[in-house]
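Undergrad: My questions concern the predicted model and sequence given below.
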Amino acid sequence: MGDMDVPSPSLSLLRAISPYSMTFLHRGQTRAQVIDTLAKLIYVPETDGHRVWLLISQVECVIALLVSVYLLLRKKTYCTLWLVSKRESAFGGLYVTNAVFTLVIGIGVYLLAWRATAITATAFSIARRSSIAWWWIIPAPWTPLVVGAYVSMHGFILSSSPRSPLSPVNSARNAEWFYLPVAKRPAVVNTTLVLAPVLYVMATLVICGFAAQQYHVAKHLASDILPIDILDKITYNSNSGHLDSSLTDVLASDDLLCASRRVAAAYLDVHRLVCINLILSSIGAFCISMAAGLYGVPNSVYLVDHACSLDATSAACTMNHVQKTMWLISRGRSTHSDQAAGSPSANTCKMTLFAQAYVWLIVICAPLFGVVPIVIVASSFPSEVQNGDFSPTLRVVIVMVSLIILVGVGLYVFICTVFTLDPLFRSALGLNLLRTRIRIEVKIVESAIECVATGHASSSVESTVKVHEPGLDTPSNGLGSVERCLLASNHLLLPSGDAQLSTTNAWSSSSTLVDLARDPLGHPVHQLKNMH
């Protein structure tokens with residue numbers, strides 16, 4: 001760098017910062033002013049109150065992690081924790097993730113990463129070390145959160161969408177909502193589960209590596225081209241927080257200004273790479289929010305409509321989505337006597353409401369984590385970069401992230417972990433209401449029985465349907481099997497004579513079982529013929 005009067009090029013995230021753009025270092029400044037500017041730029045000092053806030057905010061992280069680990073260990077005593085399950089469909093084997101558990105794991109790892117980052121930032125500040133020495137790692141601590149949310153939403157979409165390969169054929173044909181298509185081929189579905197997180201993690205780590213390399217380049221450049229006395233004064237200024245009075249009247253030479261501009265450009269280029277990484281993180285968060293809105297919200301509406309359709313009185317059929325949800329909360333849960341009359345079970349209502357909370361929390365919380373990187377970039381680049389001091393944005397952003405953790409992540413971990421303790425959510429798909437394929441054992445006995453559903457004596461055939469869902473309401477989970485008394489249609493009657501017993505084993509989806517159980521008045525259940 002030779003001429004100080006060369007026009008400064010405009011700042012851009014797509015190219016390295018030029019020393020000529022460092023116009024905050026110019027002729028007419030004293031050596032003390034140059035030293036003060038470089039001290040703020042290199043060390044980015046933090047206030048005592050900011051350090052105290054960082055330490056206090058870690059208490060919530062520790063409490064949330066301890067509660068999560070305790071609850072998950074309790075769940076492990078009931079059944080085995082798992083992340084991915086292979087499910088067979090008409091198109092081949094699909095790998096489906098546990099939507100709840102993967103999200104809890106992602107949040108837990110994020111809390112650990114952010115806790116380590118905050119403690120490192122506080123330690124570097126107390127030791128009067130450069131904040132850029134740890135700033136290059138941002139936004140790597142957010143990577144587990146983005147990956148966990150993506151994998152979780154992938155499992156939820158695959159297990160609950162009417163257009164999923166795991167759903168019954170043409171289940172979305174007469175639906176009121178428009179459902180986006182879901183890939184059918186296992187190669188495509190399984191690849192999207194793995195490829196997107198791998199590419200995101202690799203891109204984040206590569207940019208972090210470039211930022212770390214640039215920091216070390218800037219550090220060595222400052223040691224090579226700045227005079228030793230200037231380096232000592234910069235360190236003294238960062239430790240004491242005030243200017244050296246002996247240099248206030250000495251003008252800075254052009255050589256010192258040129259060297260200072262090169263050092264400033266090298267350090268600020270680290271922040272440029274961090275901004276690129278932050279934009280990538282924000283794109284990931286907003287993509288997850290869009291997926292939750294485009295796929296998750298219609299799927300949750302579909303689950304609510306399905307649960308309300310189980311009511312024999314059809315009281316909720318004419319309601320809108322919000323009214324149906326409130327109906328499930330207030331009057332949807334049925335007693336044992338109501339279940340025989342065709343009302344939705346308490347487990348169905350519980351799972352449906354939890355799916356609602358799961359989807360809307362992602363829709364609301366994901367944009368919050370996407371806004372924080374945008375705030376960092378918009379506040380610091382290029383305005384604060386042109387001024388040579390982005391410490392105000394750094395302080396504000398750390399406080400913002402801490403507040404989001406206090407309000408959002410702690411609540412999310414608590415809700416998700418508590419719900420995983422319920423035996424209902426130990427199913428193979430975590431949040432799968434309609435897609436679970438269940439073993440049905442039908443025992444047909446020709447005799448005169450009194451139907452429990454109607455309360456009227458009738459000469460017919462008793463059909464006992466025993467439902468065994470893997471991981472859901474199984475004897476190993478302490479709930480036993482679900483037994484329902486249905487009236488068989490005439491085409492299943494046995495030949496005349498003494499009471500005969502016939503056992504038929506079939507595989508059916510839970511949506512088919514729901515259709516079987518929806519006839520409380522003893523009408524022929526013609527769907528039984530479709531179960532074979």
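TA: Ah, there it is.

Undergrad: N277 contacts I207, correct?
TA: Yes: here N277 reaches I207: they are 4.4 Å apart, a contact under Cβ atoms under 8 Å. Where C-beta positions appear, they are placed from N, C-alpha and C, glycine not excepted.

Undergrad: between the two, who's got more neighbours?
TA: Neighbours per residue (other Cβ atoms under 10 Å) separate N277 from I207, with N277 holding more: 26 against 19.

Undergrad: any idea how far the more buried one lies from Q214?
TA: 12 Å (Cβ to Cβ, to the nearest Å).

Undergrad: now for stretch 293-302, what's the gap between its first and last residues?
TA: When the termini of stretch 293-302 are compared using Cα to Cα, to the nearest Å, they are 13 Å apart.

Undergrad: Quick check: chain neighbours aside, which residue is closest to S131?
TA: Among residues not flanking S131 along the chain, V44 sits closest, at 3.7 Å (Cβ to Cβ, 6 or more residues apart in numbering).

Undergrad: how about the one you found, what does it touch?
TA: By Cβ atoms under 8 Å, 6 or more residues apart in numbering, the residues touching V44 are S130, S131, I132, W135, F390, S391, L394.

Undergrad: What are the boundaries of the strands in this structure?
TA: For the chain, the strands defined by DSSP state E occupy 84-89, 92-97, 437-450, 457-468, 482-487, 501-509.

Undergrad: quick one: buried residues of the biggest helix by length in the chain?
TA: When the chain is parsed with DSSP state H, its longest helix is helix 186-225. Using 16 or more other Cβ atoms under 10 Å as the test for burial, helix 186-225 gives 186, 189-190, 193, 196-197, 200, 203-204, 207-208, 210-211, 214-215, 218-219, 221-222, 225.

Undergrad: Likewise for stretch 102-116?
TA: 102-111, 113-115.

Undergrad: same thing with stretch 284-293?
TA: G284, A285, F286, C287, I288, S289, A291, A292, G293.

Undergrad: avg pLDDT for it?
TA: On average, the pLDDT along stretch 284-293 is 90.

Undergrad: residues contacting the closest residue to A140 other than its chain neighbours?
TA: Distances taken as Cβ to Cβ, 6+ apart place C208 nearest to A140, at 5.3 Å, with adjacent residues excluded. Listed by Cβ under 8 Å, 6+ apart, the contact set of C208 reads W136, I137, A140, N277.

Undergrad: How confident is the prediction for C208, by pLDDT?
TA: 95.

Undergrad: if I look at it, how far off is L112?
TA: 17 Å.

Undergrad: got it, and V100?
TA: Applying Cβ to Cβ to V100 and L112 gives a distance of 19 Å.

Undergrad: again, but for A252
TA: 45 Å.

Undergrad: State the distance from A259 to K40.
TA: 17 Å.

Undergrad: Mind checking which of the two has more residues around it?
TA: The neighbour comparison of A259 against K40 (other Cβ under 10 Å) goes to A259, with 23 against 18.

Undergrad: Please, where are all the helices along the stretch 301-450 of the chain?
TA: Taking DSSP state H, counting those that start in this stretch as the criterion, the stretch 301-450 of the chain contains helices spanning 321-327, 336-340, 346-379, 385-387, 391-404, 410-421.

Undergrad: which of the ones you listed has the lowest average pLDDT?
TA: Taking the mean pLDDT of the helices of the stretch 301-450 of the chain, helix 336-340 comes last: a mean of 46.

Undergrad: Can you find the helix or strand in the protein with the smallest mean pLDDT?
TA: Every helix and strand of the chain was ranked by mean pLDDT, DSSP states H and E. The lowest is strand 482-487, at a mean of 27.

Undergrad: returning to what we had before: ranking the strands of the chain by mean pLDDT, which is last?
TA: Of all the strands of the chain, strand 482-487 has the smallest average pLDDT, which comes to a mean of 27.

Undergrad: any idea how far S383 is from I288?
TA: In terms of Cβ to Cβ, S383 sits 29 Å off from I288.

Undergrad: Now rank the contacts of V44 by neighbours and give me the top one.
TA: F390 (26 neighbours).

Undergrad: my read: it touches V274, true?
TA: No: with contact defined as Cβ under 8 Å, F390 does not reach V274; the gap is 9.9 Å.
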